[in-house]
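Trainee: The sequence isn't on hand, but the structure is:
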């Protein structure tokens, strides 16, 4: 009995000592990315994060750093959302949210432009604030669905576009970049981005593995399909991409108390009592397997909240790996540690990553073969 007491006493001392260690991170993989910026008072993380992802892809493909216009994509996506909502008579999602494939759909149809050609800001504005715009757009599409005139006129589409032009600006047809004239499509060509080269991978057990399916989450308003693989393989996709110089676009849940941009970490403590303390120091984490991930998704504990950009990895002083995730909430040190990056533990990534997008060449060869890519 005394031996048992000594054992548990030593265990508690060891645990206490372990928990008192503050994080000390050492970079392992650090891929090139453009500076952290803020999405402002908007719900357009999907455009900011995927644009950041494409900016890293442009660096990888061309060696050139280009600041892409996030708002050009937002401007061209809103009419698509409105069309979907109105023609489905309100039985669809209309909000600021979206997913990475919405950016790729926009790039495919409308091309790309640099931020210098289209900021989405009035000359008197410095930060994005879409509160008024969104309220107006939502009121408009709901009015069209209610159809007070008993017959929906053809004026609703130009009316919606007029509001978007007033708040964000009209689409540029031609612009100058570094002394040369471009259209959005000719500018896309110099970036070497090919939208069809990018694939979205997820991991949920309610759909067949190694097939594509439409994941039913609110922001998948455009009904984009994703490839489904087992959880370990989804993690392998992320790791293989990073190890071979490809960054990763991430859709994830950041609503948990164990995610903190202020502290710059996202973890899944093994004991919930340590949830807040684990934001400042090392605590043991849960082992996340497929079944638990599925349960947390189906009971709405894991939700589709935010899109971010994975650019590398770090390890803590005990050798545990974390993913370096670029956020779009700015670099204010009082609100965002690590210069605007958040370090996701492996447990957090396994549990809270809804899906990832990568270039098809970043896939492990065995996974690509199973997916017939």
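Mentor: Cool, the structure landed. Remember, predicted model here, so these are calculated numbers, not experimental data.
Trainee: so who does the nearest residue to residue 326 once chain neighbours are set aside touch?
Mentor: The spatial neighbour of residue 326 that comes closest, neighbours along the chain excluded (CB to CB, 6 or more residues apart in numbering), is residue 309 at 4.2 Å. Placement of C-beta: from N, CA and C, glycine included. Applying CB atoms under 8 Å, 6 or more residues apart in numbering to residue 309 gives the contacts 33, 49, 50, 52, 53, 56, 247, 248, 249, 250, 325, 326.
Trainee: distance of the first one from residue 239?
Mentor: This points to residue 33. Separation of residue 33 from residue 239 (CB to CB, to the nearest Å): 18 Å.
Trainee: more crowded one of these two?
Mentor: Higher neighbour count among residue 33 and residue 239: residue 33, with 20 against 17, using other CB atoms under 10 Å.
Trainee: That one reaches residue 325, doesn't it?
Mentor: No: the criterion here is CB atoms under 8 Å, and residue 33 misses it with residue 325 at 10.7 Å.
Trainee: all helices of the stretch 1-150 of the chain, in order?
Mentor: With helices called from DSSP state H, counting those that start in this stretch, the stretch 1-150 of the chain shows them at 2-19, 45-62, 70-87, 100-110, 131-146.
Trainee: To residue 258, which of those lies closest?
Mentor: Among these, the nearest to residue 258 by CB to CB is helix 2-19 (14.6 Å).
Trainee: Over the closest one, what's the mean pLDDT, rounded is fine.
Mentor: Averaging pLDDT along helix 2-19 gives 43.
Trainee: in stretch 150-165, what counts as buried?
Mentor: Buried residues in stretch 150-165, counted by 16 or more other CB atoms under 10 Å: 156, 160, 161, 164.
Trainee: ok, back up a step: mind giving me the PyMOL select for the contacts of residue 309, buried ones only?
Mentor: Buried residues among the contacts of residue 309 (16+ other CB under 10 Å), as a PyMOL selection:
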select buried, resi 33+49+50+52+53+56+247+248+249+250+325+326
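Trainee: Neighbours of residue 273, how many?
Mentor: When neighbours are counted by other CB under 10 Å, residue 273 registers 9.
Trainee: Burial-wise, tell me which of the helices of the stretch 1-150 of the chain comes out on top.
Mentor: helix 45-62 (a mean of 24; mean count of other CB atoms under 10 Å).
Trainee: Give me the below-cutoff pLDDT ranges for the protein.
Mentor: 1-20 (pLDDT under 70).
Trainee: That one: strands as residue ranges?
Mentor: Counting by DSSP state E, one finds strands in the chain at the ranges 26-30, 175-177, 180-182, 198-202, 211-214, 225-228, 248-252, 259-260, 265-266, 306-315, 321-326, 341-345, 353-359.
Trainee: Could you report the distance from the residue nearest to residue 304 when sequence neighbours are not counted to residue 99?
Mentor: Leaving out its chain neighbours, the residue that sits closest to residue 304 by CB to CB, 6+ apart is residue 217, at 4.1 Å. Counting by CB to CB, the gap from residue 217 to residue 99 is 8 Å.
Trainee: next one: residue 199
Mentor: 13 Å.
Trainee: Name the residue in those two with the higher neighbour count.
Mentor: More crowded of residue 199 and residue 99, by other CB under 10 Å: residue 99, with 26 against 23.
Trainee: so the more buried one sits right up against residue 251, yeah?
Mentor: Yes: using CB under 8 Å, residue 99 is in contact with residue 251, at 6.1 Å.
Trainee: got any residues that touch both of the two?
Mentor: By CB under 8 Å, 6+ apart, the residues touching both residue 99 and residue 251 are 307, 355.
Trainee: and residue 278, how many neighbours does it have?
Mentor: Count around residue 278 with other CB under 10 Å applied: 27.
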